[in-house]
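> Sequence and predicted model, in that order:
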Amino acid sequence: MTQVIADPVDRDSVFRDVSDLLGPADAAAAVILNTLLDAKSAGMFWKDRESRILGCNQKFAEDSGVESPAELIGKTNFDFYPKALAEAYRADDLEVVTTGVPKLGIEEPLLLPTGETAWIETNKAPLRGATGEIIGLLGMYRDVTERHNAGDERVRMAFELAEAKQSAWMSMFDALTGLPNRRYLQEELNVRLASLENDPTKRFAVVAVDLDRFKTINDLHGHAVGDELLKEVANRLSEELPAGGFVARLGGDEFILAMPFMHEADLAGKLSGLIQRFEAPIALAEHQLVVGVALGVAAAPADGRTPDMLMRHADMALYRAKEHGRKTFEFFQPEMEFYARERALLERDLRLAVANDEIIPYFQPIQDLKTGRVSCYEVLARWPHPVRGLVPPSRFIQIAVEAGLIGALTLKLLRRACNETKDWPGAPRIAINIAPVQLRDATLPQNLLKLLSGCGFAAGRLEIEVTEEALVSDVQTAKAILVSLKNLGVRVALDDFGTGYSSLQHLSQLPFDTLKIDQSFVRSMNDSENALMIVKAIVQLAGNLRIGLIAEGIETEKQATVLSALGCERGQGYYLGRPLPGIDHSNGRIGKEDDALIAVGYA
């Protein structure tokens, strides 16, 4: 447990801190507190919402094993009690600060510095700030060891009842954030749905929340930072709720909101404000962390009359929001159920297809723009489905990523490409497009080397393509992997160049051999002066850095002519050739090109 070390303060200053918390209007309460502080037979303490001690009296300090109350400021029960006992105390604290309801007559053990166990009766009440918000709790206890040891049956029953209540509370709240958990959420939604039957004009929305980049932050900075981030997320969500709103944590980075509303326009405004709130960085220690949110919305009762249906429909809307670029929200639409069923069926079939090695390579030529000769081929993944026909990668690659299939799919596709091309005349190189998630896998170089060795395919004939999306989440891990691949003799290409916000930075940090100009610039350059200037700048940059260059998305003769005049070496696109199965390229042309390149990708 992290300890907060406070500057030493005397007892009077501790009391003044409490007076400040209570405010000038509570002078009478301050007098009472002063009297209680002097009552040596009773222990007294006050804490913040995180159960950190803000102050206490001398009795509490002595029972905690220290000489002065100042020594305890900023600490928690985890600093001087066994974990199980500290967790029991924390559970009571959370119930008070979360519900705002006092807990009275809690009979519980107290481990004394002597090693003996006393029994105390504790009362805890919420501590409120000047504006009425709960800022912590106030507690007082008295020793009831003699009564407890006398075997009073009523005391035993009271203790068992308190223990049962505490266990019930812990089963309803999230220990990390103090928010209600899934079980509590189910009951709360049932209550709210029942209230709609009495008043049909009432409506509320269930909002599924997805945090962007949380896993990456957790991996980069560790679970301690991840936990603190989740606490801050919980605070921001709670602060943005309208009156009568409700927020729960289901686990991990999954949160659910319940938001009452009258009109969808008002709800949309609140959701936009919530997304904007998360644009601001979250300061944790030395870190400035930005975690965007995507939201999926299901409205009750129109979109569901049970908690499970509402949450399921909110998840469907959330999936659509993430498809549309995150940092947005989507309302549930009935057709989403059809797409969800279709996606589930497609994922089921894809698992079988990957297991049976049914994803095949298609080849698209890449030409020298001056001579017209085919200098390379890009191999694109295709899925010949027995019912759906030839499924394009736009339909299944993202599903493969989300289902954890992309690693196996990539390696099997590469193995097929290696086996098909290893005996081609001219020994063409082969490149493979690595999905972003794969560039965080430290075992990737070993896996690729093992595959190439098994196929009898030299590492020097392999080139991989990566996008900037694969780099921005964890550039240090990406760099380590790319350097390992370069040490094996593998070439590296940066795909979709020009679309990332830090392309130049990555060029200076990472060992690229080739740049591929993004097709959006190629398609726009004849109509947009800005796009044309960007293409010119990329061509000049590649020349100065002595990096190879390929233009993607060439669809017209004019585009090819302009690129060639600018000095772009090679290009690909439908004007130059469409993707075809490998058998249709066995015309001898590849054998004439000693520097042929086969690029394995997912376009």
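Thanks, I have it.
> what sits up against stretch 394-404?
343, 346-347, 350-351, 354, 381, 383, 405-406, 409, 435-437, 602 (CB atoms under 8 Å, 6 or more residues apart in numbering). Every residue, glycine included, has its C-beta placed from N, CA and C.
> Only the buried residues of it, if you could.
Of the residues in stretch 394-404, 396, 397, 398, 399, 400, 401, 403 count as buried by neighbour count, 16 or more other CB atoms under 10 Å.
> Quick one: buried ones out of the contacts of stretch 394-404?
Buried among these (16+ other CB under 10 Å): 343, 346, 350-351, 354, 381, 383, 405-406, 409, 435-437, 602.
> Can you tell me which of these end up in strands?
If you go by DSSP state E, those have 381, 383 in strands.
> least confident pick among the buried ones among the contacts of stretch 394-404?
Note: of those, the lowest pLDDT belongs to residue 602, at 46.
> Redo the buried ones among the contacts of stretch 394-404 as CSV? Include distance to residue 391.
Below are these laid out as CSV (distance: CB to CB, whole Å):
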residue, distance to residue 391
343, 13
346, 8
350, 9
351, 14
354, 13
381, 10
383, 4
405, 14
406, 15
409, 13
435, 17
436, 21
437, 21
602, 12
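> Give me the residue at the spatial middle of the protein.
Residue closest to the mean C-alpha point of the chain, counted by CA atoms, centre = their mean, is residue 214 at 2.8 Å.
> which ones are touching that one?
Residue 214 makes contacts with 226, 229, 230, 253, 291, as judged by CB under 8 Å, 6+ apart.
> Just the buried subset of those residues, please.
Neighbour-count burial (16+ other CB under 10 Å) applied to these gives 226, 229, 230, 253, 291.
> Which SSE is immediately downstream of the strand or helix carrying the third one?
It stands for residue 230. Assessed by DSSP states H and E, residue 230 sits inside helix 223-240. With elements assigned by DSSP H and E, the helix or strand that comes after helix 223-240 is strand 246-251.
> buried set for the following helix or strand past that following strand?
Counting by DSSP H and E, the next helix or strand C-terminal to strand 246-251 is strand 254-260. Residues 255, 256, 257, 258, 259, 260 are the ones in strand 254-260 that count as buried (16+ other CB under 10 Å).
> same deal with stretch 368-381?
For stretch 368-381, burial by neighbour count (16+ other CB under 10 Å) applies to 368, 369, 374, 375, 376, 377, 378, 379, 380, 381.
> got the contact list for the first one?
Pointing back at residue 368 there. Counted by CB under 8 Å, 6+ apart, residue 368 has contacts 374, 375, 569, 570.
> show me where pLDDT drops low in the stretch 151-300 of the chain?
151-170, 219-220 (pLDDT under 70).
> Strands along that one, start to end?
Applying DSSP state E, counting those that start in this stretch to the stretch 151-300 of the chain gives strands spanning 204-211, 246-251, 254-260, 282-284, 287-289, 293-300.
> Put together CSV for those, with distance to residue 115 on each row.
Below are the strands of the stretch 151-300 of the chain laid out as CSV (distance: least, CB to CB, whole Å):
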stretch, distance to residue 115
strand 204-211, 45
strand 246-251, 38
strand 254-260, 43
strand 282-284, 38
strand 287-289, 41
strand 293-300, 49
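> Next one: residue 173 from residue 183, what distance?
According to CB to CB, to the nearest Å, residue 173 and residue 183 sit 9 Å apart.
> same thing with residue 476?
For residue 476 relative to residue 183 (CB to CB), the value is 40 Å.
> more crowded one of those two?
Taking other CB atoms under 10 Å, residue 476 and residue 183 do not tie; residue 183 has more neighbours (12 against 9).
> from what I can see that one touches residue 172, true?
Yes: using CB atoms under 8 Å, residue 183 is in contact with residue 172, at 5.7 Å.
> related to what we said a few turns ago, buried residues in the helix holding residue 230?
For helix 223-240, by 16+ other CB under 10 Å, it's 225, 226, 228, 229, 230, 231, 233, 234, 235, 236, 237, 240.
> did I read that right, residue 330 in a helix?
No: assignment of residue 330 by DSSP: H, G, I helix; E, B strand; the rest coil gives strand, placing it outside any helix.
> Please name the residues that touch it.
Neighbour list for residue 330: 295, 296, 297, 317, 318, 320, 321, 324 [criterion: CB under 8 Å, 6+ apart].
> got a list of contacts for the helix or strand that contains residue 543?
Using DSSP H and E, residue 543 maps to helix 529-545. Under the criterion CB under 8 Å, 6+ apart, residues 497-498, 507, 515, 517, 520-522, 524-526, 548-549, 551, 562-563, 566-568 lie in contact with helix 529-545.
> Residue 345 and residue 339: what is the separation?
11 Å.
> all strands for the stretch 1-150 of the chain, in order.
For the stretch 1-150 of the chain, the strands defined by DSSP E, counting those that start in this stretch occupy 42-48, 53-56, 103-111, 117-128, 134-143.
> Note down every partner strand of the third one and its orientation.
If you go by DSSP bridges, strand 103-111 pairs up with strand 117-128 (antiparallel).
> For beta bridges, what are the partners of residue 493?
Beta-bridge pairing for residue 493 (DSSP bridges): residue 465, residue 514.
> and it, what is it in contact with?
The contact partners of residue 493, taken as CB under 8 Å, 6+ apart, are 431, 463-466, 512-516, 548, 550, 599.
> could you redo the last one with a cut-off of 10 Å?
Applying CB atoms under 10 Å, 6 or more residues apart in numbering, we find residue 493 in contact with 431, 433, 463-466, 512-516, 547-548, 550, 597, 599, 601.
> List buried residues within those.
By neighbour count, with 16+ other CB under 10 Å, the contacts of residue 493 hold 431, 433, 463-466, 512, 514-516, 547-548, 550, 597, 599, 601 as buried.
> tell me, which helix in the protein spans the most residues?
The longest helix of the chain (DSSP state H) is helix 335-355.
> Let's see that helix as PDB, backbone CA atoms only.
Coordinates of each C-alpha in helix 335-355 appear next as PDB, following Å, rounded to 0.1, in the frame of the first residue of the first chain:
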ATOM      1  CA  GLU A 335     -30.300  -3.900 -37.700                       C
ATOM      2  CA  MET A 336     -27.200  -4.100 -35.400                       C
ATOM      3  CA  GLU A 337     -28.600  -7.400 -34.200                       C
ATOM      4  CA  PHE A 338     -28.400  -8.800 -37.700                       C
ATOM      5  CA  TYR A 339     -24.800  -7.600 -38.100                       C
ATOM      6  CA  ALA A 340     -23.900  -9.000 -34.700                       C
ATOM      7  CA  ARG A 341     -25.200 -12.500 -35.700                       C
ATOM      8  CA  GLU A 342     -23.500 -12.300 -39.000                       C
ATOM      9  CA  ARG A 343     -20.200 -11.300 -37.300                       C
ATOM     10  CA  ALA A 344     -20.500 -14.200 -34.900                       C
ATOM     11  CA  LEU A 345     -21.100 -16.700 -37.700                       C
ATOM     12  CA  LEU A 346     -18.200 -15.200 -39.700                       C
ATOM     13  CA  GLU A 347     -15.900 -15.500 -36.700                       C
ATOM     14  CA  ARG A 348     -16.900 -19.100 -36.200                       C
ATOM     15  CA  ASP A 349     -16.200 -19.900 -39.900                       C
ATOM     16  CA  LEU A 350     -12.900 -18.000 -39.800                       C
ATOM     17  CA  ARG A 351     -11.600 -20.000 -36.900                       C
ATOM     18  CA  LEU A 352     -12.200 -23.100 -38.900                       C
ATOM     19  CA  ALA A 353     -10.600 -21.600 -42.000                       C
ATOM     20  CA  VAL A 354      -7.500 -20.500 -40.100                       C
ATOM     21  CA  ALA A 355      -7.200 -23.900 -38.500                       C
END
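> Right, I'll call it a day here.
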